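# predicted model and sequence below, questions to follow.
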Amino acid sequence: MGYRIDSLNLFQYESQENFYPALHQPHSFYVVEQKKEGKYNQFSFKTYFPIDESEKNKYSELEQFIMDEFQWEFKMK
C-alpha cells in the first residue's frame with residue numbers, strides 16, 4: 001500500500017458505527033488518537049481480523065497501515 005500517516009487524513013475519521021460481529025466470531029478493536037499542532041481527534045473502529053475480510057473499507061485500509069507500520073505479524077497457534 002505504501003501510505004504515509006499524513007496521507008490518511010486521520011482528522012477526517014469518526015468512530016465506526018454499525019459493526020456488530022457475532023459473539024462467536026473473532027474481531028479486533030482499535031482506538032486511534034492523534035494530536036498535531038493543537039488539533040486533536042480520537043476515534044475507534046472494529047474489523048474482523050484475524051479473519052480475512054472480502055469487503056474492504058477505509059477502516060480495513062487503516063488496519064493494514066497499522067500492521068505494516070508496526071511490522072506486526074499475526075501468528076495463529
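Perfect, I can see it now.

# all strands for this structure, in order.
Ranges of strands in the chain, per DSSP state E, are 28-36, 39-47.

# any idea which of the ones you listed is most buried?
strand 39-47 (a mean of 15; mean count of other CB atoms under 10 Å). The way it works is simple: take the backbone N, C-alpha and C, and place the C-beta from them, glycine included.

# where does the prediction get shaky in this protein?
Within the chain, the ranges that satisfy pLDDT under 70 run 1-6, 53-54, 72-77.

# can you give me the helices for it?
Assigned by DSSP state H, the helices in the chain fall at 58-69.

# tell me which residue lies nearest the centroid of it.
Geometric centre of the chain, nearest residue: residue 63, 3.4 Å, by CA atoms, centre = their mean.

# got a list of what it touches?
Counting by CB atoms under 8 Å, 6 or more residues apart in numbering, residue 63 makes contact with 28, 30, 45, 47, 49.

# please repeat the previous calculation with a cut-off of 7 Å.
Counting by CB atoms under 7 Å, 6 or more residues apart in numbering, residue 63 touches 30, 47, 49.

# can you check residue 10 too?
If you count contacts by CB under 7 Å, 6+ apart, residue 10 has them with 32, 34, 41.

# quick check, nearest of those residues to residue 11?
Nearest to residue 11, judged by CB to CB, of the contacts of residue 10 is residue 41 at 4.9 Å.

# would you check how far apart the closest one and residue 16 are?
To residue 16, residue 41 is 14 Å away according to CB to CB, to the nearest Å.

# from residue 71, how far off is the nearest residue to residue 31 once chain neighbours are set aside?
Spatially, and ignoring its direct neighbours in sequence, residue 31 is nearest to residue 44 (4.7 Å; CB to CB, 6 or more residues apart in numbering). Distance from residue 44 to residue 71, counting by CB to CB: 23 Å.
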